[in-house]
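# A structural model of the following input is requested.
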Amino acid sequence: MPEQSQYAAATHVPLIKSPSLRVPRPVELPQDIHPLPDSVTAYFVYPFTLEPHILTVESSRRTTMMSHAARREALLRARDDEKERKRREALRRIAPGFEPTGSVLVPTRTGSFQPTDSAPVSSLSAESTHQRTRSVMDDLVDQLAAMDSNAGTPANPTL
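Reported below is the predicted structural model:
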């Protein structure tokens, strides 16, 4: 059995030439055309006269870009510093003396609290080394008693 090609049936189909297609005309070269030489290195001559001009333009462009970058960095740094300052001010409004990078806050007395005891202050400092330290509640009770005595009403110890 002879071997059949998969295109064997297409060999007997007639081809029709489309009237919209045609062969292009051959290109005619002009008589005065200048052909390229064997070596084109003569066409690649670098004009060294442009070198100083290009270098000065490039250096001025670099300095301008550096000054713009420095100005932009300063503006961004100032903006960040302003944000940080505002954040610290907001924190200080809530907790005066607060510093996020600082140490723990230590309370300080702002009023002029005088002890109501009849003992002199110098003996209090000597006794304080031998006695236990006073608690915050003891200080609060003493301050409330002093406020009541200053207002003219006697303190009620039964409360």
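
# now the chain, which segments are flagged as low pLDDT?
Where the chain drops to pLDDT under 70, the residues are 1-3, 105, 112-133, 152-159.

# what about the longest helix in it?
Longest helix in the chain by number of residues, with DSSP state H as the criterion: helix 51-94.

# Which strands and helices lie in contact with that one?
If contacts are counted by 3 or more C-beta pairs under 8 Å, 6 or more residues apart in numbering; DSSP states H and E, helix 51-94 sits against no helix or strand. All C-beta atoms are positioned from the backbone trio N, CA, C, and that covers glycine.

# chain center to it: distance?
Counting by C-alpha atoms, centre = their mean, to the nearest Å, helix 51-94 is centred 13 Å from the centre of its parent chain.

# And for stretch 103-110?
34 Å.

# Likewise for stretch 39-56?
On C-alpha atoms, centre = their mean, the centre of stretch 39-56 falls 44 Å from that of its chain.

# Over to stretch 96-110?
29 Å.

# From here on, call the first residue 7.
Fine by me, first position is 7 from now on; the one you just mentioned is stretch 102-116.

# how long is it end to end?
One end of stretch 102-116 sits 13 Å from the other (C-alpha to C-alpha, to the nearest Å).

# just stretch 50-61 next, same as before
Termini of stretch 50-61 sit 21 Å apart (C-alpha to C-alpha).

# same thing with stretch 40-54?
Using C-alpha to C-alpha, first and last residues of stretch 40-54 are 28 Å apart.

# which parts of that stretch are buried?
Counting neighbours by 16 or more other C-beta atoms under 10 Å, one finds that stretch 40-54 has no buried residues.

# same question, stretch 96-107
So, applying 16+ other C-beta under 10 Å, stretch 96-107 has no buried residues.

# gap between that stretch and the chain center?
23 Å.

# before we move on, what about stretch 43-58?
Averaging C-alpha positions (C-alpha atoms, centre = their mean) puts stretch 43-58 49 Å from its chain's average.

# Check stretch 34-49 too.
60 Å.

# Ends of it, what's the gap?
Termini of stretch 34-49 sit 27 Å apart (C-alpha to C-alpha).
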